[in-house]
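Chemist: here is my input, please return the structure:
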Amino acid sequence: MLVRMLVQDGTLFTSYICFRSSFEKVIEMVERRSDSREKEVWPASGRGQIPSLDGLRAVSIMIVFFSHAGLSQLIPGGFGVTVFFFLSGFLITMLLTREHARTGGIAFGAFYLRRVLRLIPPLLLTIALGLGLVALGWAPGDMSFEATLAQVFFVYNYYSLLPGAEQNAVGFGVLWSLSVEEHFYLIWPVLFLLIARGRIGTAHLVGLLAAIVIWRFVRVLILNDGEWAIYISTDTRFDSLLYGCLLAILMARGGLPDWLHRPQIFYAMLGAGLAALLMSFLWSNPVFRSTLRYSLQGLALMPIFFYAVTRSDHILFQFLNNRIMRRIGIYSYTLYLVHFVILNALWSMGYPREGLTITIVYAAVFSLLWAAIVYRFAEQPLHGLRSRLHTQQPRAS
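Modeler: Residues are numbered from 1 along each chain as shown. This next block holds a predicted model:
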């Protein structure tokens, strides 16, 4: 049945086969540049900020914000979430790489406690703000205990798909993405440790990426799941994080060839990545949008992130590292949590009265103000504890 359906959409199936074949050849080339798995040398412990990542966070939240603010016909907001996913996988893997290089293992308890300290305080405060606005009649929504529990315990993506699922403050629908991330991080540290110890290789990650694409085809063509269900489900979206993880591993191993930095290759790779992204935005085939679109975007982001990090001084990437972009990037998590609630509150109060631009300005100012407050009083005080957890030694295993 599945084969017949795929044959009926031969273009998509052929595209998938080409994608898998090309990707496996690239990984094979990279693997040949490294020694055997047992002799792979992980990089020395590093510290400090990874260039351009805060700026890329800023770009991501701006894409999501302006799309939600009424410009979705021009700006693909869902792509902003995909960038967040990729960035998260890349950053977490780089941090795990440093920890493994420094200690020879992974402190799982410290890893998950860092995640709790990073995510929960801004999340609880912002949910409280949203429910407070609803209670005062300043924002649309309901006081749903079930929806709030689903959001706090990171199962909101699947909860929201249930028949009769409730919602609390309108705008918190964006919290589905937190569920995808946290589900992914239940398994990724274990997979990373297996890779670091040579039990599995990057070829296995490629196989997992291919399996997720196949599963999306199954859900679309066999199970008849809609685009929204595919978009927010962990089992169909966690490859968006996995592409970032794969890039971080390839960079950490030193397996990427030096010729990638030649000017002609630099511009060709960036051009190919941008062209692939443009294609993913413009190709409106519904099966493509729910299956190969996420794979194409993940592949396209790999050269863009690689050069943004390794060539951060290049004129194309300098803007990612200026003070304003870095500050927006630092605030990006709370901005993501709160912006859509504030937009919906403004709309419920009758805006845009003076036009869309003024509404966007109001929403941006209120969102930034809330993010600054949360950062100052909830995030900054925990930085020291989180830093100490980064240095915690793993238990012997």
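
Chemist: where does this protein have low pLDDT?
Modeler: Across the chain, the ranges flagged by pLDDT under 70 are 1-48, 255, 353-354, 391-397.

Chemist: report the contact partners of the residue most central in space within it.
Modeler: Taking Cα atoms, centre = their mean, the centroid of the chain lies closest to residue 85, which sits 0.8 Å from it. Taking Cβ atoms under 8 Å, 6 or more residues apart in numbering, we find residue 85 in contact with 177, 180, 181, 237, 240, 241, 244. To be clear about C-beta, it is placed using only N, CA and C from the backbone, and glycine gets the same treatment.

Chemist: nearest to residue 331, of those residues?
Modeler: residue 177 (16.9 Å; Cβ to Cβ).

Chemist: surely residue 143 and residue 135 touch.
Modeler: Yes - Residue 143 lies in contact with residue 135 (Cβ atoms under 8 Å); the separation is 6.8 Å.

Chemist: need phi/psi at the residue nearest to residue 340 when sequence neighbours are not counted.
Modeler: Spatial nearest neighbour of residue 340, excluding adjacent residues (Cβ to Cβ, 6 or more residues apart in numbering): residue 171 at 3.6 Å. Per-residue torsions, residue 171: phi 120, psi -20 (degrees, to the nearest 10).

Chemist: give me the number of residues near residue 171?
Modeler: 24 (other Cβ atoms under 10 Å).

Chemist: ok, back up a step: need the contacts of residue 85 in a markdown table with distance to residue 348, can you?
Modeler: Putting those into a markdown table (distance: Cβ to Cβ, whole Å) gives the following:
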| residue | distance to residue 348 |
| --- | --- |
| 177 | 24 |
| 180 | 28 |
| 181 | 29 |
| 237 | 30 |
| 240 | 32 |
| 241 | 34 |
| 244 | 36 |
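
Chemist: residue 189: what's it in contact with?
Modeler: 96, 106, 108, 111.

Chemist: wait, what's in contact with residue 125?
Modeler: 374, 378.

Chemist: let me fix that: residue 57
Modeler: Contacts of residue 57 (Cβ under 8 Å, 6+ apart): 84, 87, 328, 329, 330, 332.

Chemist: can you verify it is assigned to a helix?
Modeler: Yes - the assignment for residue 57 is a helix, going by DSSP: H, G, I helix; E, B strand; the rest coil.

Chemist: for it, give its distance to residue 98.
Modeler: Distance from residue 57 to residue 98, counting by Cβ to Cβ, to the nearest Å: 19 Å.

Chemist: neighbours around residue 138, how many?
Modeler: So residue 138, with other Cβ under 10 Å, has 12 neighbours.

Chemist: pretty sure it sits against residue 344.
Modeler: No - the criterion here is Cβ under 8 Å, and residue 138 misses it with residue 344 at 10.3 Å.

Chemist: contacts only, for residue 243.
Modeler: 86, 89, 209, 298, 299, 301, 302.

Chemist: let's see which of those end up in helices.
Modeler: Those of the contacts of residue 243 mapping onto helices are 86, 89, 209, 298, 299, 301, 302, per DSSP state H.

Chemist: looking at those residues, spot the one nearest residue 253.
Modeler: residue 302 (14.7 Å).

Chemist: now do the same contact list for that closest one.
Modeler: 243, 246, 247, 273.
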